[in-house]
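> quick one, what's the 3D model for this:
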Amino acid sequence: MALKAQFDQDIKAALLGGDRFTASVLRDFKAAVLNEEVAQKKRDEGLSDEEIEKVLIREVKKRAESAAIYDGAERTELAQNERAESNILEKYLPEQVSEADIKAAVDEAIVSTGATSAVHMGQVIGAVKSQLGNAADGATIARIVKEALR
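From the prediction side, this is the model:
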């Protein structure tokens with residue numbers, strides 16, 4: 001099932017089940033997808049599942065950053081709300097690969113690109129991202145590549 005259709009189905013299920021919080025979070029995410037479609041001028045054809053996953057990753061990160069800010073300001077009730085929203089959205093993320101798998105992909109990309117120093121970091125990161133897609137966190141990839149190219 002397409003990811004967008006899954007969200008529509010889950011919104012209906014949440015509303016029928018009386019879970020207004022989940023329905024609200026999913027509606028907000030659906031609005032973020034719509035905004036991205038408009039920004040990319042893809043309103044008619046819509047975003048692919050991979051593009052929706054990128055929006056999903058961005059939205060989860062936003063909520064994690066907001067929760068950290070609220071924690072710093074001692075606003076725990078708001079931080080808990082952000083974490084609850086994040087937990088709902090994380091269910092739709094693709095299974096994340098382990099650091100060991102990322103390291104293996106980085107080693108393979110270093111060999112295939114012939115990278116020898118940090119100057120080639122972008123090429124290696126690009127190769128790993130194209131291989132692993134949204135199943136790996138970009139910050140983790142960058143950290144492992146940086147360590148490997150020292």
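> can you list contacts of the longest helix anywhere in the chain?
Criterion DSSP state H: the longest helix present in the chain is helix 49-72. For helix 49-72, contacts defined as C-beta atoms under 8 Å, 6 or more residues apart in numbering pick out 2-4, 29, 32-33, 36, 40, 47, 76, 78-80, 82-83, 85-86, 89-90, 92-94, 133-134. The C-beta positions use only the backbone N, C-alpha and C, and glycine is treated the same way.
> let's see that with 7 Å instead.
Applying C-beta atoms under 7 Å, 6 or more residues apart in numbering, the set of residues contacting helix 49-72 from outside is 2-4, 29, 32-33, 36, 78-79, 82-83, 85-86, 89-90, 92-94, 133-134.
> check stretch 119-132 too.
With contact meaning C-beta under 7 Å, 6+ apart, stretch 119-132 is reached by 97, 105-106, 109-110, 112-113, 115, 138, 141-142, 145-146, 149.
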